[in-house]
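>>> coords please:
(2 chains)
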Amino acid sequence: AQSVTQLDSQVPVFEEAPVELRCNYSSSVSVYLFWYVQYPNQGLQLLLKYLSGSTLVKGINGFEAEFNKSQTSFHLRKPSVHISDTAEYFCAVIRMDSSYKLIFGSGTRLLVRP
Amino acid sequence: KAGVTQTPRYLIKTRGQQVTLSCSPISGHRSVSWYQQTPGQGLQFLFEYFSETQRNKGNFPGRFSGRQFSNSRSEMNVSTLELGDSALYLCASSLNNLTPGQGPRGYFGPGTRLTVT
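Okay, the predicted model is just below:
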């Protein structure tokens, strides 16, 4: 079975400061990795994904994430956050074999303060 | 290109009733997945349809069912509603299923917020 852990339920940060949202996963098979963002009263929007290749993945809105296979982590980073980045962020995995079922973490609420 | 649309956006039902939610995928997309989002359980996979066939199913009781039509639009139905069914129901669409693991590329709809009283 697969599982995704987002240890931080909320991360407060000041505007223009860097941020890292942590994600660790466990799986008996290889997985693809995703980060989604959810703004209030909206659905999910894909920020970035790791399928293969370079372990450093760049996404939209200045976010990037690094896949670390040995540590089974896929942490999300942004060098300088904006007030508009305040949202809920979800890390997710999907099995490489044949499943289309996304397994989500519990989410991290990023709160950007002026 | 229009995104994934879900109707209705908000719904209030009473216990024991049934409800049908609708999802229209992006034009050309043939796979539709449904997820339930609650504060307690987070985001959980309900089921996935491709070409009118259910290919994957999550761990939900039989009260939760769905179907997909020839135009790829999908509906999910919840019968005998319980208070715990109150949630945001999200739908995601994907182009096809020919490449395993591609999953929904981020094309989620805005969701239907169901409140059961």
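
>>> Any idea which residue of chain A lies closest to chain B?
Going by CB to the nearest CB, chain B is nearest to residue A:46 of chain A, at 2.3 Å. To be clear about C-beta, it is placed using only N, CA and C from the backbone, and glycine gets the same treatment.

>>> In terms of helices and strands, where is that residue?
If you go by DSSP states H and E, residue A:46 is part of strand A:44-50.

>>> which residues sit against that strand?
Contacts to strand A:44-50, defined as CB atoms under 8 Å, 6 or more residues apart in numbering or on different chains, come from residues A:32-39, A:57-61, A:63-65, A:67, A:74, A:76, A:89-90, B:90, B:92, B:105-108.

>>> next structured bit after it?
Following strand A:44-50 toward the C-terminus (DSSP H and E): strand A:56-58.

>>> Adjacent strands (with direction) for the following helix or strand past that following strand?
Downstream of strand A:56-58, the first helix or strand assigned by DSSP H and E is strand A:64-68. When pairing is defined by DSSP bridges, strand A:64-68 lines up against strand A:56-58 (antiparallel), strand A:73-78 (antiparallel).

>>> contacting residues for residue B:115?
If you count contacts by CB under 8 Å, 6+ apart, then residue B:115 has B:10-13, B:86 around it.

>>> Check residue A:24 too.
When contacts are counted by CB under 8 Å, 6+ apart, residue A:24 touches A:4-5, A:7, A:71-74.

>>> Report the two of these separated the most.
Greatest spatial distance among the contacts of residue A:24 (CB to CB): A:4 and A:71, at 14.0 Å.

>>> These two: which is more packed in?
Higher neighbour count among residue A:4 and residue A:71: residue A:4, with 23 against 10, using other CB atoms under 10 Å in any protein chain shown.

>>> Excluding sequence neighbours, find me the nearest residue to the more buried one.
Of all residues not flanking residue A:4 in the chain, residue A:105 sits nearest, at 3.9 Å (CB to CB, 6 or more residues apart in numbering or on different chains).

>>> Please identify the helix or strand for the residue most central in space within chain B.
Note on chain B: the residue nearest the mean C-alpha position is residue B:34, at 2.9 Å, using CA atoms, centre = their mean. Under the criterion of DSSP H and E, residue B:34 resides in strand B:31-38.
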